[in-house]
Every structure is written in structure tokens, then in C-alpha cells.
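**Student:** Model the following, please.
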Amino acid sequence: MNFAWSLPVAVAEERHYGRPMRCFADRPRSLHALFAAAVGRAPSRMAVVGERGRATWAELDDAVGRVAGNLARRGVIRGSRVAMLLGNGRPFLWTLWACARLGAIAVPLGARLKGMEIAHAINDSGAEVLIFDGELAGNLPKPYETPVLRHRFVDGEGAAGDALPFETLLAPAVAPPPAAVSEEDPAVILYTSGTTGRPKGAMLTGLGLVHSAMHYQYCLELKEGERSLLAVPASHVTGLVALVAVTARLAGTLIMMKRFQARAFLDLAQRERMTFTVLVPAMANLCLMEPAFAASDLSSWRVCGYGGAPMPEATIAGLAAGLPGLRLANLYGATETTSPTTIVPAGGTAARPDSVGLPVPLGEVKVVDEAGQPVPPGTVGELWIAGPMVVPGYWDAAAATRANFEGAFWKSGDLGTVDPDGFVRVLDRKKDMINRAGYKIYSAEVENELAHLPGVVESAVVGRPCPVLGERVHVFILADRGDLDAAAVRAFCAPRMADYKVPETVTFVTEPLPRNANGKVVKTQLRRLLTEGAAA
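**Tutor:** Just a heads-up that it's a prediction; the model follows:
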């Protein structure tokens, strides 16, 4: 079968961020324009369904206008940064779209971050406002650790100090006129970890967000008014783009799930007649394992994107058997590519189950060797990615931008191949990254923290294979005291990092960790020891 994208719209050669690229000629010119178009086309259509009620696009627009007006009264203008420690709910949408109206930059923070992880993002971005979920108040840094903040608002109970209720932002206020912004202005900053352990703020622009939403629309053949179920975090690039932004592009209905549970997901999908969603493979697998799966009426479910981790072929087969009308599409991308880099075209999942698909229509993927030179089709190398969806760089981090971008291309750090038909395969990670159910964990982050634990001489973090989550965090530790145990390691890490980064298992070694001639720990050897130990 011959696969290729067929676009129903015109494409133009343009130049952005000093890079040549192809762009959709007719497109919304900002994140706010994407939202405003949905309001204009379908004001009475349901825009959001959540645990705390429903709202049409007109009602959502009214709330967004009030939040924007009240933020503006407190000095939020074009370019201001607004940090959002919010779960999947209407306050996230109200704040995101209010920032878009003001030309402010939204800084979504993962709900599982803690303490200094949150403080770093707030201080690095220079956020003046923090809006947070009261349930997460215990994860916040101390006020003196975020001196840049001028205003704090809490949604729900559980806060102390000077935080005002989120309802303050919903008070009557005149909606300010939409700010005049450039497509190249940052609209969102998402923090993504690097091998040094210091998260970098990827700058998602209106240009990239709009193009990614349109790529999803055309490549997945999504329709006006889709009913999309958001079960992945809205604060991550997949939830933000594939579901929040795409729903606006389609003037559809966003069904919001605060926390994923397989039975609740199936019940909600059936009740609300879900047509589209994006899941990480672990979620899909848990749905298949749920006894209620076979009895659930999921006949409305047309399209399921999956990514963030490899999907087991058994899970693909199980979904195909249980839902023969469901289109499954592997998605591959990153925060730096504003979500999708490749998408499997219709019919491609069965034909090439080991591929992550074709590059999106306006994107480009090339495979290079260690010297940055292109290699022949089918040859393994590092994947470099270009296109209008690729971010211009990292917030206030010129050195990191120079190191990770080459001309029009972002260096993904992933090893893979592109076959003669253009299908991409991702084979391994060049960096020592762990992928736990779609949550990316860099070993350097955990190792840096463990260096502060008394008794730890050296440590090395690797991924332990898991049939449900893909990988779990395992650490090898050389200690100089005999009373250090796994429980003490977890207790030390728990308040210092997101829970998914905390090592779940520990191996204490009595000899120094294996290193190569350059002094780097040989983690392939450690992974082999871990696999052999599990087999034994």
C-alpha cells in the first residue's frame, strides 16, 4: 500500500525565526484567534464537559473575558508570564485562553511537580502570577523561594497565606480587546528536562500551536465538532495541543477527566459519546484489562491516537478486535516539536506496526550521523526535526538553544531510521531517558538529588522494563554506610521530586559502578545486570 498525505488546503513558503519553512497559507494567526474562531462558529455548542459542570463556547468565552479582565487589572499584559499549577478542569481552560487573549504567556506546570521543581519554573520564567489547585498547595515552594510572584490565586480549598480565591478572577469585568501579537511570540512555556537535570522552558508560539492543531486535524481526518476526551494532563504538550488546541480548532466538545481510571474512562466515554482521544499505551492497556470494556458501548469512538511510549502489539490487537471501527494512530513528537512530528496514516498501523508514522505534512525528519551529516535511508542515526511546529528555542537559555538546534532543525536525541517510503522508526534514546507511561524522566535529575543523600557515594538511574508502564525507575547505589536501604532512598526523594521520578527499586552494589575510558557510567551493562537479575 502506498501512503502519502493529501492536504485539502494551500501551502506557502515562508520564513520564521530566521528559518525557511512551509506553512499553511490560510490559518489562524494566534492562539487567541484559534479560540475566537470556535466561539464565532459554534457559540451554542457545548465546549467543555467536566466534573464541575458544562459550558457552551459562548459561556466559556464570557468566563475567559472576565478572567482576562481581572488579570489585566492586576498588571498582566502582553508578554507577562502566568504560571498554572492546575489539573484538568475549567480553571485551566479559563486561564489558558485568558492569557491568549491578553498576549500573556501561560506556563503550565505538571500537577505532580513539587517544591523546588515548581520554584525553578516560576523563577526561570519570571512568572508574576501563580494560579494553583488547592489540592496541590502542599507541593508549593515557600513564598520566599519564588520572589518574582506578585499574585497568587487558588482554586478550591487547601491554601494558606496571601492566595486569593480563583473566583476573584471570575468577578464581573470588562473583557479587554485581544492583544496584537506576532505569530512568533511565545504563547506557552513548557518546561522539559535536560541531561544536566535543569529543566528548560520550551517556547511554544502561536505559529507552532496552530500548525500542530491543523496537522492533527488533517492527518487524523478529524471533523468539525469532535467530542474529545482529555484523560492525559492538559499541562503536558500532548494534552495541551492534541486535545485542548485541537478541540478549539474543530469547535468541538472537550470532555475533561481529572484523573485517569480505566473504569471511569470507559463510563465517561460511553455516556458522553466520545469520538476522539489520545492516550499513552498504559492507559489503553488498562482499559483492555478492565472487565467492563467488553460491555461498554464505545461505538462513537472513531479515532485513538497514542504515543509517549511504545504500544504493545497485543494491546493494538486487543483494541482492533474489540473496536473494529476504531482508527489507531501512533504519534511521535516532543515538547520542542509542539507535539506531533510523525503520525501513522490511515491503514498504516497494521501495515507497519513498528513505525511511528510519516512526518507531518509540513514537517521534515532527517537522520544524521555523529558529525551531523545525513545518512542513507534505513541507516540508524539521530533524528533531526524541522517545520513550523518546531519551537524557536528555550526561554532565556541561549546556550541551550545553540546546543540543541542546528539551522532549521531541532536535534531530538532519539536514534532511529527513515525508510525509503518515509516511515520513521524510533529505535532507542541517545540520552539516558526513562519513559514511565509517557512521563519522561532524565536520570541526571534523580542522580543529582541522590548525590545529596548522606551515605551515597555514587548512583546510576536506569529504566526497569514494566509490561504496563513501559519502564519504572531503578537506581544502582554504591553506599559507604550499611544502614541505607531502599525505603530511606524513596523517603529522601519523595519530597524533592515528582512522584513518578522517585526510584521504585534499588540495587546496592559493593564495587564502583562500571565506567568507560571517558569516565562515564556504562548503563548498558547495568541494564543487562538488571535484566539478568529479573530472569534469575
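**Student:** tell me the helices in the stretch 201-350 of the chain, going along the chain?
**Tutor:** Using DSSP state H, counting those that start in this stretch, the helices of the stretch 201-350 of the chain run over 206-219, 237, 246-249, 262-271, 281-289, 313-322, 348-351.
**Student:** Buried residues, the fifth one. List them.
**Tutor:** Taking 16 or more other C-beta atoms under 10 Å as the neighbour-count basis, helix 281-289 is seen to contain the buried residues P281, A282, M283, A284, N285, L286, C287, L288. From N, CA and C alone the C-beta is placed, and that goes for glycine too.
**Student:** any idea how far the residue at the greatest distance from the centre of the chain is from T510?
**Tutor:** The centre of the chain is farthest from one residue, G482, which by C-alpha atoms, centre = their mean lies 40.2 Å away. Taking C-beta to C-beta, to the nearest Å as the measure, G482 falls 11 Å from T510.
**Student:** cool, R112 as well?
**Tutor:** With distances taken as C-beta to C-beta, R112 is found 34 Å from T510.
**Student:** Repeat that for R436.
**Tutor:** Distance, R436 to T510, using C-beta to C-beta: 28 Å.
**Student:** who has more neighbours, the two?
**Tutor:** R436 (22 against 6; other C-beta atoms under 10 Å).
**Student:** Show me where the stretch 151-300 of the chain dips below the pLDDT cut-off.
**Tutor:** For the stretch 151-300 of the chain, the stretches flagged by pLDDT under 70 are 159-160, 193-197.
**Student:** which residue ranges form the strands in the stretch 251-400 of the chain?
**Tutor:** Secondary structure of the stretch 251-400 of the chain (DSSP state E, counting those that start in this stretch): strands at 253-256, 276-279, 303-307, 327-334, 339-343, 358-359, 364-368, 381-386.
**Student:** could you dump those to JSON lines with mean neighbour count and distance to A121?
**Tutor:** Listed next are the strands of the stretch 251-400 of the chain as JSON lines, based on neighbours: other C-beta atoms under 10 Å; distance: least, C-beta to C-beta, whole Å:
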{"stretch": "strand 253-256", "mean neighbour count": "25", "distance to A121": "23"}
{"stretch": "strand 276-279", "mean neighbour count": "26", "distance to A121": "24"}
{"stretch": "strand 303-307", "mean neighbour count": "24", "distance to A121": "24"}
{"stretch": "strand 327-334", "mean neighbour count": "23", "distance to A121": "18"}
{"stretch": "strand 339-343", "mean neighbour count": "30", "distance to A121": "19"}
{"stretch": "strand 358-359", "mean neighbour count": "24", "distance to A121": "30"}
{"stretch": "strand 364-368", "mean neighbour count": "19", "distance to A121": "29"}
{"stretch": "strand 381-386", "mean neighbour count": "24", "distance to A121": "24"}
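**Student:** Present those strands as CSV; the columns should include distance to A37.
**Tutor:** What follows is the strands of the stretch 251-400 of the chain, written out as CSV (distance: least, C-beta to C-beta, whole Å):
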stretch, distance to A37
strand 253-256, 15
strand 276-279, 19
strand 303-307, 22
strand 327-334, 24
strand 339-343, 20
strand 358-359, 27
strand 364-368, 28
strand 381-386, 27
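**Student:** Among the ones you listed, single out whichever gets nearest to A180.
**Tutor:** strand 339-343 (26.3 Å; C-beta to C-beta).
**Student:** If you count contacts, what does the closest one end up packed against?
**Tutor:** helix 206-219, strand 327-334, strand 358-359 (3 or more C-beta pairs under 8 Å, 6 or more residues apart in numbering; DSSP states H and E).
**Student:** Put together CSV for the ones you listed, with distance to P141 on each row.
**Tutor:** Output for the helices and strands packed on strand 339-343, formatted as CSV (distance: least, C-beta to C-beta, whole Å):
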stretch, distance to P141
helix 206-219, 28
strand 327-334, 27
strand 358-359, 40
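**Student:** nearest to F476, of the ones you listed?
**Tutor:** Using C-beta to C-beta, these put strand 327-334 closest to F476, at 27.6 Å.
**Student:** Partner strands of the closest one, with direction?
**Tutor:** strand 303-307 (parallel), strand 339-343 (antiparallel) (DSSP bridges).
**Student:** related to what we said a few turns ago, secondary structure class for the residue farthest from the centre of the chain?
**Tutor:** Under DSSP: H, G, I helix; E, B strand; the rest coil, G482 falls in the coil class.
**Student:** any low-confidence regions in the stretch 401-536 of the chain?
**Tutor:** Within the stretch 401-536 of the chain, the segments meeting pLDDT under 70 span 428-429, 431, 516-520, 533-536.
**Student:** those helices in it, which residues are they?
**Tutor:** 443-450, 486-493, 523-535.
**Student:** tell me the most buried of those?
**Tutor:** Each of those was scored by mean neighbour count; the highest is helix 443-450, a mean of 20, by mean count of other C-beta atoms under 10 Å.
**Student:** Using TSV, lay out the helices of the stretch 401-536 of the chain together with distance to G126.
**Tutor:** Formatted as TSV, the helices of the stretch 401-536 of the chain follow (distance: least, C-beta to C-beta, whole Å):
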stretch	distance to G126
helix 443-450	22
helix 486-493	28
helix 523-535	36
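**Student:** Show me the one of those helices that comes nearest T335.
**Tutor:** Smallest distance to T335 across the helices of the stretch 401-536 of the chain (C-beta to C-beta): 15.3 Å, for helix 443-450.
**Student:** what's the offset of that closest one from the middle of its chain?
**Tutor:** How far helix 443-450 lies from its chain's middle: 21 Å, per C-alpha atoms, centre = their mean, to the nearest Å.
**Student:** Does anything pack onto it? Which helices or strands?
**Tutor:** In terms of contacts (3+ C-beta pairs under 8 Å, 6+ apart), helix 443-450 is packed against strand 456-466, strand 470-479, helix 486-493.
**Student:** Tell me where the stretch 101-250 of the chain has strands.
**Tutor:** For the stretch 101-250 of the chain, the strands defined by DSSP E, counting those that start in this stretch occupy 105-108, 129-133, 151-155, 164-165, 186-192, 200-205, 227-230.
**Student:** Tell me which of those strands lies nearest to N88.
**Tutor:** Taking C-beta to C-beta, strand 227-230 is the member of these nearest to N88, at 5.6 Å.
**Student:** Contacts for the closest one, please.
**Tutor:** Strand 227-230 has contacts (C-beta atoms under 8 Å, 6 or more residues apart in numbering) with 88, 239, 243-244, 246-247, 252-257, 265, 268-269, 272-277, 300.
**Student:** picking that back up, same list, the strands of the stretch 101-250 of the chain, but as JSON lines with distance to E370 and mean neighbour count please.
**Tutor:** Listed next are the strands of the stretch 101-250 of the chain as JSON lines, based on distance: least, C-beta to C-beta, whole Å; neighbours: other C-beta atoms under 10 Å:
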{"stretch": "strand 105-108", "distance to E370": "35", "mean neighbour count": "26"}
{"stretch": "strand 129-133", "distance to E370": "43", "mean neighbour count": "25"}
{"stretch": "strand 151-155", "distance to E370": "47", "mean neighbour count": "23"}
{"stretch": "strand 164-165", "distance to E370": "53", "mean neighbour count": "14"}
{"stretch": "strand 186-192", "distance to E370": "23", "mean neighbour count": "24"}
{"stretch": "strand 200-205", "distance to E370": "23", "mean neighbour count": "26"}
{"stretch": "strand 227-230", "distance to E370": "40", "mean neighbour count": "24"}
